[in-house]
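Undergrad: Quick one, what's the 3D model for this:
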Amino acid sequence: MYGYYNDITFNLFFMAIFGKVTLINQGDAMQDLPKLNPDDYKPLYAQLSDALIHYIRVRELKPGDPIPSEAELIRHYGTSRMTVRLAIQRLATEGLIKKVQGKGTFVAAPKISGVIHGLRSLEDSFAEQGLSVSNQLLQASVEFPTKLFLDELELPPGSRTLKIRRLKKISDSPVCIEVRNIPLDVAEKFTKEQIETIPAVELMNSRPDTKIHHVNYRIVSSVLLEREAEVLQVPEDSPVLIQFMTHFNRQKKPVMAGRLTFLAERIEIRFEFHSNGENIKTISFKSEQTD
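TA: Purely as a prediction, here's the structure:
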């Protein structure tokens with residue numbers, strides 16, 4: 001009996017000691033957060049954002065590593081919940097951290113950046129930088145397009161087009177759903193194998209009469225529907241950036257119209273405009289998801 005209670009006492013003592021050690025370690029970790037200055041010109045939420053960046057660097061945190069929770073930051077700084085949430089949202093918007101519902105906030109994965117020239121395919125542009133864009137064919141069939149694409153392709157009501165849907169991946173991470181509508185008189189210039197295997201822009205550029213001379217772009221924000229969310233392996237209603245585009249040949253005839261649906265949390269799009277007429281689109285992808 002004595003030995004039995006003695007073991008319990010020892011175990012409780014060990015747990016108490018272990019708990020204290022954990023508490024001390026957590027306290028030590030929070031000490032890596034710089035102090036905030038209420039008298040500084042910079043708002044408290046901005047100071048806290050900078051403090052969290054300092055914390056990540058000093059502790060050499062890697063993608064997927066957790067950062068202090070909202071509750072811990074509130075206790076540590078004695079500031080309002082709104083200040084903390086603004087600071088975290090600021091870093092999340094800049095792609096430095098990632099909030100995971102029900103799990104916490106983590107260091108975000110780094111981005112893969114690449115320059116995309118407007119008249120070249122995403123695959124071709126990234127290949128020059130050692131990045132591979134893989135394609136999974138989801139659909140290749142003759143369909144009645146929406147009025148939007150009928151108008152973009154300058155087709156009369158009731159016309160049909162060849163509709164192509166692909167899932168694009170970088171490093172096995174789904175990043176985009178591609179939809180292309182090609183007028184049937186253009187599509188018949190290519191074989192079934194060419195249509196199903198060659199990237200759309202590269203396909204158009206393979207012939208003088210369909211080679212892309214200029215492109216019209218339009219970008220909108222939206223959320224994913226159930227079917228697309230399943231393909232991209234993310235929750236329904238996830239935010240996306242949709243890039244609509246219409247491609248024209250040298251005779252100003254539209255040869256292709258469609259959209260690229262990018263996951264907003266994995267992509268950043270930038271445009272550069274130069275006086276010599278060269279326009280460059282830069283797309284940055286996060287290399288992986290944070291679990």
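Undergrad: Which stretches in this protein count as helices?
TA: Ranges of helices in the chain, per DSSP state H, are 2-30, 44-58, 70-77, 81-93, 122-127, 147-152, 184-187, 192-197, 200-204, 226-232.
Undergrad: Least confident of the ones you listed, on average?
TA: With a mean of 44, helix 2-30 has the lowest mean pLDDT of these.
Undergrad: which sections of the stretch 101-250 of the chain are below the confidence cut-off?
TA: For the stretch 101-250 of the chain, the stretches with pLDDT under 70 are 110-121, 125-126, 128-129.
Undergrad: can you give me the strands in it?
TA: 104-107, 111-117, 133-143, 161-170, 173-183, 214-223, 239-248 (DSSP state E, counting those that start in this stretch).
Undergrad: Compare the ones you listed and give me the one nearest residue 155.
TA: strand 173-183 (6.4 Å; C-beta to C-beta). Yep, even glycine has a C-beta here, placed from its N, CA and C like the rest.
Undergrad: The closest one pairs with which strands, parallel or anti?
TA: strand 161-170 (antiparallel), strand 254-263 (antiparallel) (DSSP bridges).
Undergrad: now these as TSV including mean neighbour count and distance to residue 235?
TA: Formatted as TSV, these follow (neighbours: other C-beta atoms under 10 Å; distance: least, C-beta to C-beta, whole Å):
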stretch	mean neighbour count	distance to residue 235
strand 161-170	20	17
strand 254-263	23	11
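Undergrad: rewinding a little: so which of the strands of the stretch 101-250 of the chain is the most surrounded?
TA: strand 173-183 (a mean of 22; mean count of other C-beta atoms under 10 Å).
Undergrad: Convert the C-alpha atoms of that strand to PDB, please.
TA: Output of strand 173-183 as PDB, limited to C-alpha atoms (Å, rounded to 0.1, in the frame of the first residue of the first chain):
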ATOM      1  CA  SER A 173      -0.200  21.100 -55.300                       C
ATOM      2  CA  PRO A 174      -3.400  22.000 -57.100                       C
ATOM      3  CA  VAL A 175      -3.300  25.800 -57.800                       C
ATOM      4  CA  CYS A 176      -5.700  26.400 -60.700                       C
ATOM      5  CA  ILE A 177      -8.600  25.200 -62.700                       C
ATOM      6  CA  GLU A 178      -8.400  26.100 -66.400                       C
ATOM      7  CA  VAL A 179     -11.400  26.500 -68.600                       C
ATOM      8  CA  ARG A 180     -11.000  27.200 -72.400                       C
ATOM      9  CA  ASN A 181     -13.700  27.700 -75.000                       C
ATOM     10  CA  ILE A 182     -12.600  27.300 -78.600                       C
ATOM     11  CA  PRO A 183     -14.800  28.000 -81.600                       C
END
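Undergrad: So which residues make contact with that strand?
TA: Applying C-beta atoms under 8 Å, 6 or more residues apart in numbering, the contact partners of strand 173-183 are 135, 138, 143, 145, 149, 153, 155, 159, 161-169, 200, 228, 231-233, 254-263, 266-267, 285-289.
Undergrad: ok so, going back, and residue 76, which of the strands paired with strand 173-183 is closest to it?
TA: Closest approach to residue 76 among the strands paired with strand 173-183 is made by strand 254-263 (32.8 Å; C-beta to C-beta).
Undergrad: What about residue 145, how many residues nearby?
TA: Counted with other C-beta atoms under 10 Å, the neighbours of residue 145 add up to 22.
Undergrad: show me the contacts for it.
TA: Residue 145 neighbours (C-beta under 8 Å, 6+ apart): 153, 155, 159, 160, 161, 163, 181.
Undergrad: Against residue 223, how distant is residue 65?
TA: 29 Å (C-beta to C-beta, to the nearest Å).
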